[in-house]
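Trainee: build the 3D model from these lines:
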Amino acid sequence: MWLRIGCLGFSIAMAIPCHAETDAVDAWKRQIVTRLNASKRFPLEARGQSGVAKVTFVLDRSGKLISRRLTQSSGLPALDKEALATVGRAQPFPVPPPEIDDDGLTLIVPLVFAGRPEIPISAIDKQDAADDARLWAI
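Mentor: Okay, the predicted model is just below:
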């Protein structure tokens, strides 16, 4: 019986570091996503349009961007260009945890651009604009 309890305790002790490693990797990936989202801009020339561009990029052990390339086009050159620029602006990236091997430093990320429909200037009534201005001043 003591052997079974000892084996169970050993198994639990060995499993705990695995969860900690997974948590560190997940936290690192969340930091990367946060940096990418903070660096993303919507290009003016793509107003009213949307798309998803996939970018593959490689980091070194210090989080420095080594290379980036468009893996899948959004179908709109302006969004594709912005996807590559977003990755460039997001650096330096956080230092990867030691449990990630070198293959894990190549990341493929979909960057989603959801365009807002343009509102024609003729649709804005002068009175509505004045009311809006008063509301924003409150």
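
Trainee: looking at the chain, which helix or strand is least sure?
Mentor: helix 126-137 (a mean of 47; mean pLDDT, DSSP states H and E).

Trainee: would Phe93 count as being in a helix?
Mentor: No - using DSSP: H, G, I helix; E, B strand; the rest coil, the assignment for Phe93 is coil, not a helix.

Trainee: I'd say it and Ile32 touch.
Mentor: Yes - counting by C-beta atoms under 8 Å, Phe93 touches Ile32, with 5.8 Å between them. Yep, even glycine has a C-beta here, placed from its N, CA and C like the rest.

Trainee: so where does Asn37 fall, helix or strand?
Mentor: Under the criterion of DSSP states H and E, Asn37 resides in helix 2-39.

Trainee: residues near Phe91, how many?
Mentor: Just to correct that, residue 91 is Gln rather than Phe. Look at Gln91: counted by other C-beta atoms under 10 Å, it has 14 neighbours.

Trainee: ok, now which ones touch it?
Mentor: Gln91 makes contact with 63-65 under the criterion C-beta atoms under 8 Å, 6 or more residues apart in numbering.

Trainee: any idea which of these is closest to Phe42?
Mentor: Nearest to Phe42 among the contacts of Gln91 is Leu65, at 21.8 Å by C-beta to C-beta.

Trainee: confidence score at Glu45?
Mentor: Listed pLDDT for Glu45 reads 89.

Trainee: state the distance from the residue nearest to it when sequence neighbours are not counted to Leu70.
Mentor: Nearest residue to Glu45 in three dimensions, chain neighbours excluded: Ala78, at 4.6 Å (C-beta to C-beta, 6 or more residues apart in numbering). Ala78 is 13 Å from Leu70, where distance means C-beta to C-beta, to the nearest Å.

Trainee: please, which helix or strand holds Arg41?
Mentor: Short version, using DSSP H and E: Arg41 is in no helix or strand.

Trainee: I'm done for today, thanks for sticking with me.
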